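Asks: sequence first, predicted coordinates after that:
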Amino acid sequence: MTQTHFDVIVLGAGPGGYLAAERLGHAGKKVLLIEEIALGGTCLNVGCIPTKTLLNGAKNYLHAKEAGQFGVDATGVTYDWARMQEWKNQVVAGLVGGVGAAERKAGVKVINARGHFDGPGKVTADGVTYTSDHVIIATGSVPVMPPLPGAADNPAVVDSTGILSLDEVPSRLAVIGGGVIGVEFASLFATLGSEVTVIEMAPEILPFMDDDMAAQLRGAMSNITFELGCKVESLDGASVTYSKDGEHKVLEADVVLMAVGRRSATTGWGAEEAGLEINRGVVVDDRMRTNLPNVWAIGDVTGRSLLAHAAYRMGEIAAANILDPQAHRRGEVMRWHTVPWAVYCLPEAAGVGLTESQAKKEGRDVLVAKVPAQMSGRFIAENGFRAPGSAKIIVDPTTHQVLGVHVLGAYAAEMIWGAQAVLEMELTVEDLRQVVFPHPTVSEVIREAAWAVKL
Ligand code: FAD
């Protein structure tokens, strides 16, 4: 007889859902994980992993082309888009398989179906109603398609999923939206030789980044044309009409990437009918509890921080609080302000915490120090004397607590966790100065920034 009662049902198997299920399974809970499309969700199948795999191909190509300055002759270097696609598909398949194996090891029952949330403790999938003590909602997010004239059913327009499997690298690519997804794809295709134009409504790309760092990053991507402060008005095939300072302009492209953002997937699975409170996503507190008893929500569906690592942490927090109602007293709560971000364009950038621009907007006094990445010997050895890169630190002038760290340049995404730990532990800049950094590493720029603060 089919088992229909579980301790926990998890709806959606992206990073949030699959990790929560795994943690609960290992803790001895009977868990049902329901996934409509593929284990790993957006992140593994059409998000973080395929984009970074393709970007790595582009990075290798770029490094080979620029290798002459380091005494390596790689003349005539080419890339093979079809083989890059093959490698991307292999990586995705391997990791998705790994998630399946991890769930089996944790004793989690997985079903491939669309689930419908019928209320606390009740989910229907494939015509079977499953019951449980707890339900975790982890349905993720979907790309936003703005209702622009000419956008619907336009074969020249792709979203972040469609662009991943283009048959060929387009000669001309128009990217609508200068957020993370738009900038990463722009960087990928510009590096592979496309003529890329990014059209962004705001006065600067990457709004969560400090303005000076975003401008420096934009300057570093000199192979991309950025049209800032522009409003796209309509599309006709791959021609994009937009206005800038009251003037109408037309950009002719071969492919248009719509990258204006993502929205939480809160519809079509019963949220509203069941009475879940929703604003920009399912409303949760810092333990990931919703307004309904024993119903939790994690990841992009909460609309709080649309990042895979935030989804992982939310999944862990929900699991910890399900296993132990006192877990929040041990710190198992979401600290949104310490979630780092990273943009894997070439060069990459990453940061955590307060920016100088945010501090200014809030009228908050802060101490700021910014140093060039050339303070690191390894950075120079690997990138040259003039390559763009910097590190910036934001410090409270009274307590000297580190409030933000922002890095631009190679390895930024790899090193930012250290800064995140500093914020998480509420360390001061004096504490950070006592940390021994391995030498030579690019991460030493963070140490240099800490020493550059005038206390
Ligand atoms: P998702 O990964 O979206 O998973 C939700 C799952 O729920 C999906 O598999 C869906 O099929 C399933 N589902 C939905 N409704 C139902 C239902 N009713 N029944 C059954 N199943 C259902 N983040 C980063 O941190 N780093 C990056 O580098 C990065 N790069 C990205 C690049 C791109 C192009 C995109 C699009 C996103 C990127 N992200 C990145 C964001 C990251 O993918 C998401 O933050 C992350 O996947 C969110 O995880 P999640 O578990 O909340 O939801």
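Replies: Okay, I see it.
Asks: secondary structure class of Thr75, three-state.
Replies: Assigned state for Thr75: coil (three-state reduction, DSSP: H, G, I helix; E, B strand; the rest coil).
Asks: sec struct for Ala319, please.
Replies: Secondary structure, three-state DSSP: Ala319 is helix.
Asks: hmm, Leu24 and it touching each other?
Replies: Yes. Applying C-beta atoms under 8 Å as the test, Ala319 and Leu24 come out as touching, 5.0 Å apart. C-beta coordinates here come from the backbone N, C-alpha and C atoms, glycine included.
Asks: show me the residue at the heart of the chain, geometrically.
Replies: In the chain, the centroid-proximal residue (C-alpha atoms, centre = their mean) is Leu307; its distance is 4.0 Å.
Asks: can you list the residues of the stretch 301-450 of the chain near the ligand?
Replies: Taking C-beta under 6 Å from any ligand atom as the measure of proximity, the stretch 301-450 of the chain contacts the ligand at 301, 306-309, 311, 344.
Asks: got it, and the stretch 151-300 of the chain?
Replies: Those residues of the stretch 151-300 of the chain that sit near the ligand, judged by C-beta under 6 Å from any ligand atom, are 160, 181, 265, 269, 299-300.
Asks: partners of the one helix or strand Val250 maps to in the sheet?
Replies: Taking DSSP states H and E as the criterion, Val250 maps to strand 247-252. In its sheet, strand 247-252 lies beside strand 239-244 (antiparallel), with partners assigned from DSSP bridges.
Asks: what lies in contact with the partner strand?
Replies: With C-beta atoms under 8 Å, 6 or more residues apart in numbering as the test, strand 239-244 has contacts from 174, 176, 199, 227, 229-235, 248-253, 256.
Asks: from what I see, Lys30 and Phe6 are in contact.
Replies: Yes. Lys30 lies in contact with Phe6 (C-beta under 8 Å); the separation is 4.8 Å.
Asks: low-confidence stretches in the protein?
Replies: Applying pLDDT under 70 to the chain flags the ranges 1.
Asks: Lys30 and Phe6 - which one has more neighbours?
Replies: Under the criterion of other C-beta atoms under 10 Å, the comparison of Lys30 against Phe6 puts Phe6 first, with 23 against 17.
Asks: wait, the more buried one sits on Ser132?
Replies: Yes. Using C-beta under 8 Å, Phe6 is in contact with Ser132, at 4.5 Å.
Asks: shared neighbours, those two?
Replies: Contact with both Phe6 and Ser132 is made by residues Leu32, according to C-beta under 8 Å, 6+ apart.
Asks: which residues of the stretch 351-455 of the chain fall in helices?
Replies: Counting by DSSP state H, counting those that start in this stretch, the segments of the stretch 351-455 of the chain that form helices are 356-361, 377-383, 412-424, 429-433, 444-452.
Asks: if you could redo that for the chain, that was the one I meant.
Replies: Defined through DSSP state H, the helices belonging to the chain, from first to last, are 15-26, 41-46, 48-65, 81-105, 180-191, 211-220, 271-274, 308-323, 356-361, 377-383, 412-424, 429-433, 444-452.
Asks: out of the ones you listed, nearest to Met334?
Replies: For the helices of the chain, the distance to Met334 is smallest for helix 308-323, at 5.6 Å, taking C-beta to C-beta.
Asks: list the buried ones in that closest one?
Replies: Neighbour counts using 16 or more other C-beta atoms under 10 Å place 308-323 of helix 308-323 among the buried residues.
Asks: other SSEs contacting that helix?
Replies: helix 15-26, strand 128-137, strand 295-297 (3 or more C-beta pairs under 8 Å, 6 or more residues apart in numbering; DSSP states H and E).
Asks: could you dump those to JSON lines with mean neighbour count?
Replies: Output for those, formatted as JSON lines (neighbours: other C-beta atoms under 10 Å):
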{"stretch": "helix 15-26", "mean neighbour count": "27"}
{"stretch": "strand 128-137", "mean neighbour count": "21"}
{"stretch": "strand 295-297", "mean neighbour count": "28"}
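Asks: turn these into CSV, columns for distance to Phe379.
Replies: Output for the helices and strands packed on helix 308-323, formatted as CSV (distance: least, C-beta to C-beta, whole Å):
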stretch, distance to Phe379
helix 15-26, 31
strand 128-137, 42
strand 295-297, 41
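Asks: of all those, which one comes closest to Val368?
Replies: Of all those, the one in closest proximity to Val368, counting by C-beta to C-beta, is helix 15-26 (33.3 Å).
Asks: hmm, back to that, of the helices of the chain, which is nearest Leu164?
Replies: Evaluated with C-beta to C-beta, these place helix 48-65 nearest to Leu164, the distance being 5.2 Å.
Asks: which neighbouring elements make contact with that closest one?
Replies: The helices and strands touching helix 48-65, judged by 3+ C-beta pairs under 8 Å, 6+ apart, are helix 81-105, helix 180-191.
Asks: what residues are up against Asp126?
Replies: Contact partners of Asp126, counting by C-beta under 8 Å, 6+ apart, are 111, 113.
Asks: and if we set it to 10 Å?
Replies: Residues counted as contacts of Asp126 (C-beta atoms under 10 Å, 6 or more residues apart in numbering) are 34, 111-115.
Asks: could you do Val91 as well?
Replies: Under the criterion of C-beta under 10 Å, 6+ apart, the contact list for Val91 reads 44, 49-50, 52-54, 56.
Asks: buried residues in stretch 108-122?
Replies: Taking 16+ other C-beta under 10 Å as the basis for neighbour counts, the residues of stretch 108-122 that come out buried are 108-110, 115-118, 120-122.
Asks: okay if I get those residues as TSV plus distance to Gln401?
Replies: As requested, these are exported to TSV (distance: C-beta to C-beta, whole Å):
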residue	distance to Gln401
Val108	40
Lys109	46
Val110	44
Gly115	43
His116	46
Phe117	41
Asp118	47
Pro120	41
Gly121	43
Lys122	46
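Asks: just flag the most distant two among those.
Replies: Val110 and Pro120 (22.2 Å).
Asks: picking that back up, among the contacts of strand 239-244, which ones are buried?
Replies: 174, 176, 199, 227, 230, 232, 235, 251, 253, 256.
Asks: is the fifth one bridged to anything, and to what?
Replies: Pointing back at Cys230 there. Going by DSSP bridges, Cys230 is paired in beta bridges with Lys244.
Asks: thank you kindly, that will do.
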